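# Sharing a model prediction with you, sequence too.
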Amino acid sequence: MSRLKWQAVVAGVGGQGVLFVSRALASAVEHKAGAILISEVHGMAQRGGAVVSHLKAGPFSGPLVSQGQADLVLALDPGEAVRNLGYLLPKGWLVVNAPDLDFLSPKAKKALASFGARVLTVPATALAGQAGTAKGANVVLLGAAAAAGALPVRPGELERAICQGQPPARARANRELLALGAQAAAEV
Amino acid sequence: MSSNAKVRKEILMGNQALGRGLVENGVAVMTAYPGTPSSEILPSVVHYGAEMQHPPYCEWSVNEKVAVEVALAAAYTGQRSAVAMKMVGLNVALDPVMSAAYIGVIGGMIIISADDPGPHSSQTEQDSRLLAHFAKLPVFDPDSPAMARDLVGPAFALSERFQIPVMIRPTLRVCHGRQNLNLREPKELERIPVFGRDPFRWAAIPKMRLALHHALNAKLTKIQDYVSKSKSLNQWHAPLRPRAPLGILASGMAAALARDVLDELGLPVAEGKVPFLQTAAPYPLPIGPVSELIAGCRNVLVLEETEPVLELLAPNRDRLWGRASGHVPSAGELTPEVLGEVLERALGQAKLKAPRPRGKVLTVPDQPPMRRPNLCPGCSHRAVFFSLRRALPTGIYPSDIGCYTLGMNQGAVDTCHDMGAAVTFASALSRGLNQGKDATPVVATIGDSTFFHSGTTGLINAVYNGARFVLVILDNETTSMTGMQPTPESGLTADGHPGQAVELKKLVEGCGVRWLTELDPYDMGGLQKTLKKAWRWCQGPEGSVAVIIARHACAAQRPTDAVPSPRKVEVKGQAAPAKTSFRPKENPCADCGRCVAICPAGALRRTGKGKIKVDEAKCTGCRLCAAVCPTGTMALEPAGACTACGLCSTWFACPALARDAQGYISIDRGWCVDCGLCVEVCAQGAIAPLEEQK
């Protein structure tokens, strides 16, 4: 079996659970990739600043993704999506926590369209809020990404990676959030 | 306690990997002072040490100098010890570090100094490897969490073989990188500490120091030979090839990322087109392999962070491409983008074509503005900074290193230099600025942990030398910026061994301070009165340094203690602009200039004679001038609704106070923690608790 070689950039703002997402993705793809490298942000930036985490799964040496190389840019905040668009591969996936692409200026929208990347927008904060936990937007977005085929693993593998070892109530809540995301992805 | 021999695979952060490596190699004493990006190392030793029969002794030391000395003396007794800090902490610790090279150790000792190229969370981009060279200590430079863990064993071995402390220098991307690796079993050395009395060594006088210096030089020659011959410390990712036009010499994170970038350029190291030598031991320079590389290539590109070390130590420097030749930028992190440019240029100059140019990059216009970090909602520091500006608006505010540096967002931080400089800068500034008639209030702010670290010496100095300023100690009972490490005041220790609380008040009194008060800064009115009173006392005949200990629980660590009685607030509505009436006749103007300083429209100015003038055409009617006017000259009743004046967003700067395009404020419920402080902040009476509005 050829080893997976996959790179992702997860972006957001302090408190949105960026690090949770990159760690969840890492454990979901670990068995396929063998080697895992992640870069995280700690310290000053976590006080409400921009938080970005890079994930490289497979035969890599360093933890930072180069511009133009990410198979996935997953943004928990639309503004942070804009800031990190440069990481996208032309064949990559952009998954954003937003109802639509209107957070982009008309020029930026055009640039994105002609670049060729696949785009998935999900109002994850609103959906998680309806489920009673706005903080779960990150899990909703992950669920949508998996269902849309933006991840190199199946939704079930992602669910196992997230819920494994969690207390039953927490795991149940996360399963619900993942399902909400999957449903949203199916409606797009 | 587990003794199962089953291999455990875990995804570890670099700092956890270092902690794991220390436990796997029998560390018995571990000390540290927290600082990004090093803070998680010591807690990892505590965490993994719990698997041992006899867990190592771990302490959060009061500062890095103390931490080094405690670990050093433990190594004198034959135990394995380690100390961790961020690189600016190494500056604080340099005194004992320098001497440690001469005196040496018995048990192995590792000094971990974490660097921050970028810088992301630091004052400088300094390279600890240069300080290792300066101190004449061997240094290892890992490129990944796995390598960081794997270097701990060889570092202890080298340290014990040559009786010298060894430095490990990870950079932020190693410390806060994560990697999956196999855990090995913890090792128990069970060495009984013995102090072999030898005053000629442990208390060497200058004459003996010369002999020790000769001995150190001899050691370094042997160490150079040792690292030179090591296959594991020097990796040929691509071997030498005949008449190679370009070779690469690299260490640390730059070596790892350069391999990935070469891969992206279509020149993977495995194909061996460009000889690539990575050394994990930049000093003393592994002269054998490095000379071999340089002799075998027309030019050699040197990739290392953040300063030239390999580049300065290597022979035949005229053939090196690095910082001196302008091939590598002399400041900033070597990110994949920077390395991509550096490598493409070097390959081009060497007439080697990269088969694949760097990938297409999507660039979009209209980038969002930079997101500034901010104090947490409910943070009591915000209340202190707001009160400072309200009580003593013409003051100068030296501050210090910690979360509260973010008081800059409120215009209440004028200096931030190094640990403890708030106190010393305040003493110098208050002397320089207050020789004339018009005294400028000087109010310094410093956090509790920073005060314990380096504030006391400055305070003793200020009291002794008769300085006059107000010092506010922001006591949130933890070291918040670096992840809530306990302070001496808590009496809690890193590994739970019995400690004793050191009372901040008594410590301040012990420094000779005669005006001292403790208060809760959530009472902003009380704090403002106290600040004014303190400054008046400073100026009086008996005046000296006045200290206010502002104590309130950290909103991130103990949110329910920080906001014990939540008050949900709402903005009452929006008020139309109303022109300020300027009434110098009824209420004479003191020409203090507070209104000029705060007017967001620039409608107020000082004339040549120092009088205040209102430009009615520019006035937007926000009423902010009336809010700050101490004499009632700018007379206008509070609107009882938001006037878009912007006082709360500029002086209070709470993330929960959202400002729309017209400047009107609303409460962002996603951020608000119901602390209720903004009720007092609003000069228009526009923000009120919800229940009062019903």
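Yep, that arrived.

# any idea which helix or strand carries residue B:461?
Using DSSP states H and E, residue B:461 sits within helix B:456-464.

# The following helix or strand past that helix near chain A at all?
Using DSSP H and E, the helix or strand that follows helix B:456-464 in sequence is strand B:469-475. No. Contact of strand B:469-475 with chain A is not found when judged by C-beta under 8 Å from any C-beta of the partner chain; the minimum separation is 14.9 Å. From N, CA and C alone the C-beta is placed, and that goes for glycine too.

# how about the helix holding residue B:461: buried residues?
Judged by neighbour count using 16 or more other C-beta atoms under 10 Å in any protein chain shown, the buried positions of helix B:456-464 are B:456, B:458-460, B:462-463.

# which strands and helices sit next to it?
helix B:421-433, strand B:545-551 (3 or more C-beta pairs under 8 Å, 6 or more residues apart in numbering or on different chains; DSSP states H and E).

# how about a cut-off of 6 Å?
Contact here means 3 or more C-beta pairs under 6 Å, 6 or more residues apart in numbering or on different chains; DSSP states H and E; on that basis helix B:456-464 packs against helix B:421-433.

# The helix it packs on versus strand B:545-551: what angle between them?
What separates the directions of helix B:421-433 and strand B:545-551 is an angle of 140 degrees, with axes from the mean of the first three to the mean of the last three C-alpha atoms, to 10 degrees.

# list the helices and strands helix B:421-433 packs on?
If you count contacts as 3+ C-beta pairs under 6 Å, 6+ apart, helix B:421-433 packs onto strand B:443-447, helix B:456-464.

# With only the CA atoms kept, save that helix in CSV.
What follows is the C-alpha trace of helix B:421-433 in CSV, where atoms were taken according to Å, rounded to 0.1, in the frame of the first residue of the first chain:
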residue,chain,number,x,y,z
ALA,B,421,12.5,46.9,33.6
ALA,B,422,9.2,48.5,34.4
VAL,B,423,10.5,49.2,37.9
THR,B,424,14.0,50.4,36.9
PHE,B,425,12.7,52.4,33.9
ALA,B,426,10.1,54.1,36.2
SER,B,427,12.7,55.1,38.6
ALA,B,428,14.9,56.7,35.9
LEU,B,429,12.0,58.3,34.1
SER,B,430,10.4,59.8,37.2
ARG,B,431,13.8,61.4,38.1
GLY,B,432,14.4,62.8,34.6
LEU,B,433,10.9,64.0,34.0
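
# about what we covered before: distance from the chain centre to the helix holding residue B:461, please.
Distance, stretch centre to chain centre, for helix B:456-464: 24 Å (C-alpha atoms, centre = their mean, to the nearest Å).

# thinking again about what came up before, for the helices and strands packed on helix B:421-433, please prepare CSV with the additional fields mean pLDDT and distance to residue A:38.
CSV is the format used below for the helices and strands packed on helix B:421-433 (pLDDT from 0 to 100; distance: least, C-beta to C-beta, whole Å):
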stretch, mean pLDDT, distance to residue A:38
strand B:443-447, 98, 30
helix B:456-464, 98, 40
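
# Quickly find the element holding the closest residue to residue B:54 other than its chain neighbours.
Nearest non-adjacent residue to residue B:54, counting by C-beta to C-beta, 6 or more residues apart in numbering or on different chains: residue B:188, 6.2 Å away. Taking DSSP H and E as the definition, residue B:188 sits outside all helices and strands.

# what about the strands in the stretch 1-150 of chain B?
B:8-13, B:29-32, B:57-60, B:81-86, B:109-114, B:139-140 (DSSP state E, counting those that start in this stretch).

# Out of those strands, the one nearest chain A is which?
The minimum distance between chain A and the strands of the stretch 1-150 of chain B falls on strand B:8-13, with 5.8 Å, by C-beta to the nearest C-beta.

# Report how many residues lie close to residue B:662.
Burial of residue B:662 is recorded as 8 neighbouring residues (other C-beta atoms under 10 Å in any protein chain shown).

# Now do the same for the residue lying closest to it once chain neighbours are set aside: its pLDDT.
Leaving aside its chain neighbours, residue B:662 sits nearest to residue B:644 (5.8 Å; criterion: C-beta to C-beta, 6+ apart). The predicted local confidence for residue B:644 comes out at a pLDDT of 91.

# Chain A versus the residue nearest to residue B:54, what's the distance?
Summarising the geometry, the distance separating residue B:188 from chain A, computed by C-beta to the nearest C-beta, to the nearest Å, is 29 Å.

# Can you classify the residue nearest to residue B:662 by secondary structure?
Look at residue B:644: counting by DSSP: H, G, I helix; E, B strand; the rest coil, its state is coil.

# Please verify my assumption that it contacts residue B:666.
No. Here residue B:644 does not reach residue B:666: they are 11.3 Å apart, not a contact under C-beta atoms under 6 Å.

# Which residue, other than its chain neighbours, is closest to the most centrally placed residue in chain B?
The structure's chain B has its C-alpha centroid closest to residue B:122; by C-alpha atoms, centre = their mean the separation is 4.4 Å. The shortest distance from residue B:122 to any residue other than its chain neighbours is 4.1 Å, reached at residue B:116 (C-beta to C-beta, 6+ apart).

# The one you found reaches residue B:172, doesn't it?
Yes. Under the criterion of C-beta under 6 Å, residue B:116 lies in contact with residue B:172, with a separation of 4.9 Å.

# Have a look at these two and say which one is more surrounded.
Neighbours per residue (other C-beta under 10 Å) separate residue B:116 from residue B:172, with residue B:172 holding more: 30 against 27.

# Backbone torsions only: list them for residue B:398.
Here is the backbone geometry of residue B:398 (degrees, to the nearest 10): phi -70, psi 140.

# circling back: columns distance to residue B:483 on top of the helices and strands packed on helix B:421-433, output as a markdown table?
A markdown table is the format used below for those (distance: least, C-beta to C-beta, whole Å):
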| stretch | distance to residue B:483 |
| --- | --- |
| strand B:443-447 | 14 |
| helix B:456-464 | 23 |
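
# Show me the one of these that comes nearest residue A:39.
Nearest to residue A:39, of all the helices and strands packed on helix B:421-433, is strand B:443-447, at 28.3 Å by C-beta to C-beta.

# Against which helices or strands is the closest one packed?
By 3+ C-beta pairs under 6 Å, 6+ apart, strand B:443-447 packs against helix B:421-433, strand B:469-475.

# Mind telling me which of the ones you listed the model trusts least?
Note on these: lowest mean pLDDT is at helix B:421-433, with a mean of 93.
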